[in-house]
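S.K.: the sequence and its predicted three-dimensional model are supplied below.
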Amino acid sequence: MKHVKDAWNEDYIKRGRLWGGTRHSIPDLPKGCRILELGCGNGTTLSGLLKHRYELVAIDFSDEATQISKKIVDKNPCTDVIVADARQLPFATRSFDAIIAFHIVGHMLKDCRELVIRDSIRVLRKGGQLFFRDFSVNDMRAGSGVRVEPDTYCRGLGIFTHYFDENEVLSLFAQLNVQSLTSNRWTMRIHGKNVVRAEIVAFFSK
Ligand SMILES: C[S@@+](CC[C@H](N)C(=O)[O-])C[C@H]1O[C@@H](n2cnc3c(N)ncnc32)[C@H](O)[C@@H]1O
């Protein structure tokens, strides 16, 4: 099977803007706050953060994705988009006030998910906040594709998607304090049919 990074690159080249979901908001944070976005993709979440006066650093291991995101943040002096792997963050310990991990951790196998969480906690300062969002086991896509690990499926070019349950999210972030955890469901119309999308949204502090 091809390297996961190559699968993402290929998908971005093929489909351009891959992820066109809504811009997920996070609670307002103080001006000047240093925020790290993990797996910024084509910049959907990032673009929603630009209007705030945050110092933003966004990483993605896909060169293609970072090229797209760089165009979005062009001319924004407080934003850096870097090609980097979230499993080994090239940042100093306790150097961020907040971390956004939206739909990235769920695109990894178990050992990688653990590495990403461990390194995210390392770079988060004490009192810092971490925002998590990923698909849940109730999502309409859970179970489709080739099963590679429990609740984890490989679809298309070689991209994994893991579907979480609430307890699993809590245990993954057990080193942090839970501020909130919600399961969201909404209906979408795809090819004339109503389908259920479901995700877990959680907010932690260190
Ligand atoms: C669904 S997209 C994320 C969208 C984005 N977070 C947003 O809210 O708009 C997932 C992204 O995670 C990136 N990714 C997956 N594994 C990664 C890793 N180990 N390090 C960095 N980026 C990774 C992929 O390249 C892809 O662009």
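M.R.: Received it, and whenever you're ready, just let me know what you need. Numbering: from 1, shown residues only.

S.K.: show me the contacts for residue 93.
M.R.: By C-beta atoms under 8 Å, 6 or more residues apart in numbering, the residues touching residue 93 are 122, 123. Placement of C-beta: from N, CA and C, glycine included.

S.K.: at 6 Å what do you get?
M.R.: Going by C-beta atoms under 6 Å, 6 or more residues apart in numbering, residue 93 touches residue 122.

S.K.: how near is it to residue 82?
M.R.: Counting by C-beta to C-beta, to the nearest Å, the separation of residue 93 from residue 82 is 17 Å.

S.K.: just checking, what packs against the lowest-mean-pLDDT helix or strand in the chain?
M.R.: Ranked by mean pLDDT, DSSP states H and E, the weakest helix or strand in the chain is helix 4-15, scoring a mean of 87. If contacts are counted by 3 or more C-beta pairs under 6 Å, 6 or more residues apart in numbering; DSSP states H and E, helix 4-15 sits against helix 63-73.

S.K.: do the helix it packs on and the ligand come into contact?
M.R.: Yes: looking at helix 63-73 against the ligand by C-beta under 6 Å from any ligand atom, the contacts come from residue 65.

S.K.: residues near residue 67, how many?
M.R.: By the criterion of other C-beta atoms under 10 Å, residue 67 has 14 neighbours.

S.K.: now swap in residue 107 and tell me
M.R.: 20.

S.K.: per-residue confidence for it?
M.R.: At residue 107, the model reports a pLDDT of 96.

S.K.: just the one 3 residues further on next, same as before
M.R.: What the model reports for residue 110 is a pLDDT of 97.

S.K.: what residues does the next helix-or-strand element following the least confident helix or strand of the chain touch?
M.R.: Beyond helix 4-15 on the C-terminal side, the first helix or strand identified by DSSP states H and E is strand 34-38. Residues outside strand 34-38 that contact it (C-beta under 6 Å, 6+ apart): 46, 54-58, 86, 96-101, 104.

S.K.: compute the inter-axis angle for the longest helix seen in the chain and helix 4-15.
M.R.: Taking DSSP state H as the criterion, the chain has its longest helix at helix 110-123. Put simply, helix 110-123 runs at 90 degrees to helix 4-15, going by axes from the mean of the first three to the mean of the last three C-alpha atoms, to 10 degrees.

S.K.: pull the CA atoms of helix 110-123 into PDB?
M.R.: Extracted in PDB, the C-alpha atoms of helix 110-123 (Å, rounded to 0.1, in the frame of the first residue of the first chain):
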ATOM      1  CA  LYS A 110      -3.900   3.700  16.500                       C
ATOM      2  CA  ASP A 111      -0.100   3.900  17.000                       C
ATOM      3  CA  CYS A 112       0.000   7.200  15.100                       C
ATOM      4  CA  ARG A 113      -3.000   8.600  16.900                       C
ATOM      5  CA  GLU A 114      -1.200   8.100  20.200                       C
ATOM      6  CA  LEU A 115       2.000   9.700  18.900                       C
ATOM      7  CA  VAL A 116       0.100  12.800  17.700                       C
ATOM      8  CA  ILE A 117      -1.700  13.200  21.000                       C
ATOM      9  CA  ARG A 118       1.500  12.800  23.000                       C
ATOM     10  CA  ASP A 119       3.400  15.400  21.000                       C
ATOM     11  CA  SER A 120       0.500  17.800  20.900                       C
ATOM     12  CA  ILE A 121       0.300  17.700  24.700                       C
ATOM     13  CA  ARG A 122       4.100  18.300  24.800                       C
ATOM     14  CA  VAL A 123       3.800  21.600  22.800                       C
END
